[in-house]
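K.L.:
predicted model and sequence below, questions to follow.
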Amino acid sequence: MHREGMDEIEVLRRRFCESLPEAPSDDFAVNGESVEGLLSAQGVDGSWGDIDYGPGLLKDWDAARHLRRVLRLAARWYPLPAEDGTRPALLDGCVRGLTYWFDLWPVNPNWWHNQIGAPTLLGDILLFLKDALEGDLIARAVPAFVAHRPALRFTGQNLVWVAAVQIRHGILVNEMDLIAGGFNMVGRELRIVDPREEGLQADMSFYQHGMLLYAGGYGQGFALDVARLAWIGDGTAHRLPAHKVELLTRFILDGSRWMIRGRTFELGAIGREISRKGHSADRFLNAARYLAQLDQPRREEVRALVAMPAAEGRSHVNGNRLFWRSDFMAHHREAFYVSVRVPSSRLLNADLACCGGEGRLCHHMAEGVSFIHCDGDEYRDIFPVWNWRQIPGATIEQSTGELDPEALRTHGASAFGGGASDGRRGCMGGIVRRDSLQARKGFFLFDEVMVAMGSGIGCASDAPVRTTINQCHWRGEVRLDGEVLRAGMHRLPAGSRVWHDRVAYQLLDGYGHLVLGEQHGVWSDCGVGSSELQALPVFNGAIDHGRGPADARYAYAIRPGVDAETELPTISILRHDREVLAVQVGERAQAIFFAPGEIMLTGGQRITAEQPCALLVDLGEDGVLGLTVGDPSQQLESVTLSLPGKRAGRLTVSLPQDDHAGSSVSLALY
């Protein structure tokens with residue numbers, strides 16, 4: 001190979017080593033394990049006595065700790081000067097550790113460990129040690145590096161993982177074709193996929209494991225690994241093309257950034273990872289740090305994102321964004337973040353309960369769910385004690401039996417699921433059908449307040465039905481109509497006003513109850529974590545629909561980011577039935593038309609929709625000034641609206657099609 005090629009391989013190797021997330025930055029002590037302690041505890045054969053090298057768990061495979069420990073030794077060895085007296089012992093520990101692994105060659109029943117996890121760790125170890133090893137140890141790793149083949153059977157994050165394994169392999173054996181092939185796979189996968197495929201969507205959301213919103217799980221990993229590889233290849237023959245860097249930037253800034261408050265990634269977009277203790281937005285932020293080092297037009301915007309400390313509990317954006325490909329809406333203001341996810345027949349509601357049962361209680365995570373954040377930590381690690389039939393925003397049959405694992409992963413029952421957004425405000429609507437329950441739900445997001453409404457709620461079973469307003473950590477004082485509450489159950493009469501943790505709630509239609517007190521559970525109930533009993537104080541408020549409701553309804557409002565004395569704005573419910581849910585706040589109205597219908601605004605203006613749709617209305621002294629229209633069914637070519645009165649007329653609005661079907665169209669009426 002030409003000297004130039006060897007120099008470039010060395011650049012790639014050095015950057016890999018500099019970027020390895022497993023390489024500790026302090027005294028190489030991780031989880032209480034110092035390098036010195038690892039060396040002293042290592043057996044003569046290279047093993048560690050406290051590790052189970054058997055098949056083990058599908059997720060947290062104990063044998064993988066062996067490779068992580070060897071990696072820490074290698075990471076310590078790599079930067080030390082040649083004259084450092086500790087280098088021989090470190091290198092010897094690495095060689096014995098690698099030899100033990102290759103002689104034993106542990107295997108896990110979960111394919112991921114064998115084809116991605118272990119090969120990645122082996123590659124990272126050998127990249128650190130490449131100059132000091134005999135060729136035999138690298139050669140013995142090759143079967144692990146090729147175990148994933150053929151690579152192109154993978155998609156999304158899985159494809160990027162195996163491509164990175166191939167790049168490591170190429171660097172270690174000095175094969176430019178392997179390196180180039182791996183980088184090319186990454187570049188090809190960084191694309192907007194065709195509708196109904198896994199990967200990056202046209203609205204900058206992300207699917208994995210089928211048509212499933214996974215921006216905060218696999219999508220976070222995808223963003224981090226692609227950004228890291230883009231940085232590693234920058235300035236070499238393997239640099240990411242400018243249009244690919246631009247698309248990666250859009251994914252981070254126009255997609256994932258909208259799903260974060262503080263250190264928390266949107267709970268409805270992390271799939272089964274919700275059952276992992278300590279889940280955060282760290283991978284996204286690390287992706288942004290790599291992206292900030294690349295020369296591209298939005299570099300300063302990325303740098304500003306990186307500069308905001310996650311600990312401050314703020315959002316990186318201000319406005320409203322509809323992810324029409326994922327039936328999801330993000331609504332940010334300086335003081336809060338509210339999200340909404342509704343079901344549709346286009347999308348899956350949850351991931352499989354993989355890796356020993358992770359996320360096996362996530363049945364209702366897409367059924368008209370709304371999370372409320374001020375600092376981002378309102379639900380942090382609450383999930384062992386959560387009642388998974390009482391998810392914020394959702395209307396659910398309160399059966400007493402265990403959630404059926406065979407019914408975990410389903411599509412929504414109706415094509416109608418989505419909304420409309422003008423970039424500042426938005427509304428979402430969906431139809432829920434699960435077991436014997438059905439409900440029509442709407443969420444209306446204004447500048448200061450969200451109004452949630454439901455209608456047509458029916459259930460044939462004998463179980464009670466409730467709509468949960470919020471189930472979050474109980475943090476500090478709670479007031480009901482001005483009175484400070486103690487632990488216990490409290491009735492919520494119609495019209496009740498509750499304040500807790502900077503959020504004001506008001507029941508507009510319906511009655512319910514609020515429970516304040518400890519809830520108990522263990523991580524292993526919802527995933528594969530610890531079986532140690534957890535007890536956490538929880539705020540759990542709901543609207544009750546009773547047993548066997550036939551045509552029940554509800555309405556409530558929330559105003560986040562306020563103190564206990566702050567009033568909610570005047571809210572006018574315009575329609576509240578099976579066909580139409582509509583509400584007006586000040587000079588703005590929003591409506592979900594489940595069927596053709598009419599609404600009357602507070603000033604007397606009537607608006608008729610001739611097709612089901614989502615609608616935003618901006619008003620002024622002369623009547624309607626602007627309209628924003630969306631098609632939650634993603635099946636219409638146009639929507640026709642009639643506006644008798646001062647701005648009389650009949651408008652036919654052409655709607656976006658193909659993979660932009662479901663996105664919004666805004667019109668100014670002057």
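P.N.:
Ah, there it is.
K.L.:
any idea of the mean pLDDT in stretch 284-294?
P.N.:
Stretch 284-294 shows a mean pLDDT of 97.
K.L.:
output that stretch as CSV, restricted to C-alpha atoms.
P.N.:
Backbone C-alpha positions of stretch 284-294 (Å, rounded to 0.1, in the frame of the first residue of the first chain) are rendered in CSV as follows:
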residue,chain,number,x,y,z
PHE,A,284,-28.0,13.1,21.1
LEU,A,285,-25.9,15.8,22.7
ASN,A,286,-22.7,13.9,21.9
ALA,A,287,-23.8,13.6,18.3
ALA,A,288,-24.2,17.4,18.3
ARG,A,289,-20.7,17.8,19.7
TYR,A,290,-19.2,15.9,16.7
LEU,A,291,-21.4,17.8,14.3
ALA,A,292,-20.3,21.1,15.7
GLN,A,293,-16.8,20.3,14.6
LEU,A,294,-17.8,19.9,10.9
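K.L.:
tell me which residues of the longest strand seen in the chain come out buried.
P.N.:
The longest strand of the chain (DSSP state E) is strand 534-547. Neighbour-count burial for strand 534-547 flags 534, 536, 538, 539, 540, 541, 542, 543, 544, 545 (criterion: 16 or more other Cβ atoms under 10 Å). (Each C-beta comes from the backbone N, C-alpha and C, glycine too.)
K.L.:
wait, what's in contact with the third one?
P.N.:
I take that to be residue 538. Residue 538 sits next to 382, 385, 471, 472, 473, 474, 515, 516, 517, 518, 519 when contact means Cβ atoms under 8 Å, 6 or more residues apart in numbering.
K.L.:
may I see those residues organised as JSON lines, with pLDDT and neighbour count added?
P.N.:
Shown next, in JSON lines, are the contacts of residue 538 (pLDDT from 0 to 100; neighbours: other Cβ atoms under 10 Å):
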{"residue": "382", "pLDDT": "98", "neighbour count": "18"}
{"residue": "385", "pLDDT": "98", "neighbour count": "22"}
{"residue": "471", "pLDDT": "98", "neighbour count": "25"}
{"residue": "472", "pLDDT": "98", "neighbour count": "22"}
{"residue": "473", "pLDDT": "98", "neighbour count": "18"}
{"residue": "474", "pLDDT": "98", "neighbour count": "19"}
{"residue": "515", "pLDDT": "98", "neighbour count": "18"}
{"residue": "516", "pLDDT": "98", "neighbour count": "18"}
{"residue": "517", "pLDDT": "98", "neighbour count": "15"}
{"residue": "518", "pLDDT": "98", "neighbour count": "12"}
{"residue": "519", "pLDDT": "98", "neighbour count": "19"}
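K.L.:
just how off-centre is the longest strand of the chain within its chain?
P.N.:
For strand 534-547, the separation from the chain centroid amounts to 24 Å (computed by Cα atoms, centre = their mean, to the nearest Å).
K.L.:
quick one: strands adjacent to that strand?
P.N.:
Counting by DSSP bridges, the strands paired with strand 534-547 are strand 464-473 (antiparallel), strand 512-521 (antiparallel).
K.L.:
using JSON lines, lay out those strands together with distance to residue 457.
P.N.:
Shown next, in JSON lines, are the strands paired with strand 534-547 (distance: least, Cβ to Cβ, whole Å):
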{"stretch": "strand 464-473", "distance to residue 457": "7"}
{"stretch": "strand 512-521", "distance to residue 457": "13"}
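K.L.:
which ones are touching the residue nearest to residue 500 when sequence neighbours are not counted?
P.N.:
Spatial nearest neighbour of residue 500, excluding adjacent residues (Cβ to Cβ, 6 or more residues apart in numbering): residue 478 at 4.5 Å. With contacts defined as Cβ under 8 Å, 6+ apart, residue 478 is in contact with 484, 485, 498, 499, 500, 514, 516, 539.
K.L.:
gap between residue 46 and residue 38?
P.N.:
Distance, residue 46 to residue 38, using Cβ to Cβ, to the nearest Å: 11 Å.
K.L.:
equivalent analysis for residue 98, please.
P.N.:
Per Cβ to Cβ, residue 98 is found 14 Å from residue 38.
K.L.:
next one: residue 10
P.N.:
Taking Cβ to Cβ, one finds residue 10 at 28 Å from residue 38.
K.L.:
neighbour count: residue 98 and residue 38, which is higher?
P.N.:
Set residue 98 next to residue 38 and count neighbours by other Cβ atoms under 10 Å: residue 98 wins out with 24 against 21.
K.L.:
state the three-state secondary structure for that one.
P.N.:
helix (DSSP: H, G, I helix; E, B strand; the rest coil).
K.L.:
could you do residue 18 as well?
P.N.:
When classified by three-state DSSP, residue 18 comes out as helix.
K.L.:
count the neighbours of it for me.
P.N.:
12.
K.L.:
out of the strands paired with strand 534-547, flag the one nearest residue 413.
P.N.:
strand 464-473 (16.7 Å; Cβ to Cβ).
K.L.:
so what strands line up beside the helix or strand following that closest one?
P.N.:
Going down the chain from strand 464-473, the next helix or strand is strand 478-480, by DSSP states H and E. For strand 478-480, the paired strands and their directions (DSSP bridges) read strand 483-484 (antiparallel), strand 497-500 (antiparallel).
K.L.:
so which of the ones you listed is the most surrounded?
P.N.:
strand 497-500 (a mean of 22; mean count of other Cβ atoms under 10 Å).
K.L.:
mind listing residues that contact that strand?
P.N.:
For strand 497-500, the external contacting residues (Cβ under 8 Å, 6+ apart) are 474-482, 492, 504-506, 514, 539, 541, 562-564, 568.
K.L.:
and the helices in this structure?
P.N.:
With DSSP state H, the ranges of helices along the chain come out as 3-19, 35-41, 64-77, 87-104, 111-112, 118-129, 135-145, 156-173, 176-189, 218-233, 242-250, 282-291, 299-307, 523-526.
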